[in-house]
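K.L.:
Sequence and computational prediction follow.
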Amino acid sequence: AQSVAQPEDQVNVAEGNPLTVKCTYSVSGNPYLFWYVQYPNRGLQFLLKYITGDNLVKGSYGFEAEFNKSQTSFHLKKPSALVSDSALYFCAVRERAGNTGKLIFGQGTTLQVKP
Amino acid sequence: SAVISQKPSRDICQRGTSLTIQCQVDSQVTMMFWYRQQPGQSLTLIATANQGSEATYESGFVIDKFPISRPNLTFSTLTVSNMSPEDSSIYLCSVDVWGGSYNEQFFGPGTRLTVL
């Protein structure tokens, strides 16, 4: 069965420091991988995706993520965190086969960036 | 991309009543999805709603509890029936949009439901 794991409930970083939010996945075949962000009282906003090609993908707001097939990971990164990055981040996976459209989400990681 | 609106944005309801949530998209889409996000939890897919066919429900979700309508390619409704406090959640609508090489999924702002 497909699954996504975000091992950290919360990540705390100081503003200006690099940040990493971890994600590992389990899915048959090659997946589509995504990161979404949810600000308080707002819907989900798409950050970035990995479909194929370069393992390092760049997305919105300066975020990037590295696809590592051997480690089945897709960690979210940003070189310099901002206080405004504080939010709830979800990793998600979608199987290529069947194109059902179904997304499987991780449990979410709260990012807290302190001034 | 797709712009998705949901109504209501939030509601407080009494136990035993039902609430219908509307989802409107600014373009025609084939696949629409309804997710639930319980307090402090991740998103869980309730059902997939394709126009012209009955909704497909995920394990743990049934049509009697969460009836869905999909009358056309831009609109869907989800009803939460006979509500209990355990149904207090954010309900999100999402759609698949063809991005040229891949289907991208966009989400509505969500409906925050509190059941007393």
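P.N.:
Perfect, I can see it now.
K.L.:
Let me see the contact set for A:Gly16.
P.N.:
A:Ser80, A:Ala81 (Cβ atoms under 8 Å, 6 or more residues apart in numbering or on different chains). For glycine as for every other residue, the C-beta is placed from the backbone atoms N, C-alpha and C.
K.L.:
what residue lies at the spatial centre of chain B?
P.N.:
Most central in chain B under Cα atoms, centre = their mean is B:Trp34, positioned 3.0 Å from the mean C-alpha point.
K.L.:
Just confirm that residue contacts B:Ala49, I think it does.
P.N.:
Yes - with contact defined as Cβ atoms under 8 Å, B:Trp34 counts as touching B:Ala49 (6.8 Å).
K.L.:
returning to that earlier point: and the pLDDT at the residue nearest to the centre of chain B?
P.N.:
On pLDDT, B:Trp34 comes in at 96.
K.L.:
and the helix or strand hosting it with chain A, contact?
P.N.:
Following DSSP states H and E, one finds B:Trp34 within strand B:31-37. Yes - between strand B:31-37 and chain A, judged by Cβ under 8 Å from any Cβ of the partner chain, the touching residues are B:Met31, B:Phe33.
K.L.:
Give me the residues contacting that strand.
P.N.:
Contacts for strand B:31-37 (Cβ under 8 Å, 6+ apart): A:101-103, B:23, B:25, B:43-50, B:66, B:68, B:70, B:76, B:78, B:89-96, B:103, B:105, B:107, B:110.
K.L.:
Among those residues, which ones are in strands?
P.N.:
B:23, B:25, B:43-50, B:68, B:70, B:76, B:78, B:89-96, B:103, B:105, B:107 (DSSP state E).
K.L.:
Mind giving me the ChimeraX select for the residues you listed, buried ones only?
P.N.:
ChimeraX command restricting the ones in strands among the contacts of strand B:31-37 to the buried ones, with burial defined by 16 or more other Cβ atoms under 10 Å in any protein chain shown:
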select /B:23,25,43,45,46,47,48,49,50,68,70,76,78,89,90,91,92,93,94,95,96,103,105,107
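K.L.:
ok, and of the ones in strands among the contacts of strand B:31-37, which contact chain A?
P.N.:
Applying Cβ under 8 Å from any Cβ to the ones in strands among the contacts of strand B:31-37, those adjacent to chain A are B:Leu43, B:Thr44, B:Leu45, B:Thr48, B:Leu92, B:Ser94, B:Asp96, B:Asn103, B:Gln105, B:Phe107.
K.L.:
contacting residues for the second one?
P.N.:
What it means is B:Thr44. A:Phe105, B:Tyr35, B:Arg36, B:Gln37, B:Gln38, B:Glu58.
K.L.:
can you check the fifth one too?
P.N.:
Taking Cβ under 8 Å, 6+ apart as the criterion, B:Leu92 is in contact with A:Gly43, A:Leu44, B:Gln6, B:Trp34, B:Tyr35, B:Arg36, B:Gln37, B:Leu43, B:Phe107, B:Gly108, B:Gly110, B:Thr111.
K.L.:
Apply 7 Å and report the result again.
P.N.:
Residues in contact with B:Leu92, defined by Cβ atoms under 7 Å, 6 or more residues apart in numbering or on different chains, are A:Gly43, A:Leu44, B:Tyr35, B:Gln37, B:Leu43, B:Phe107, B:Gly108, B:Gly110.
K.L.:
Many thanks, I have nothing further to ask.
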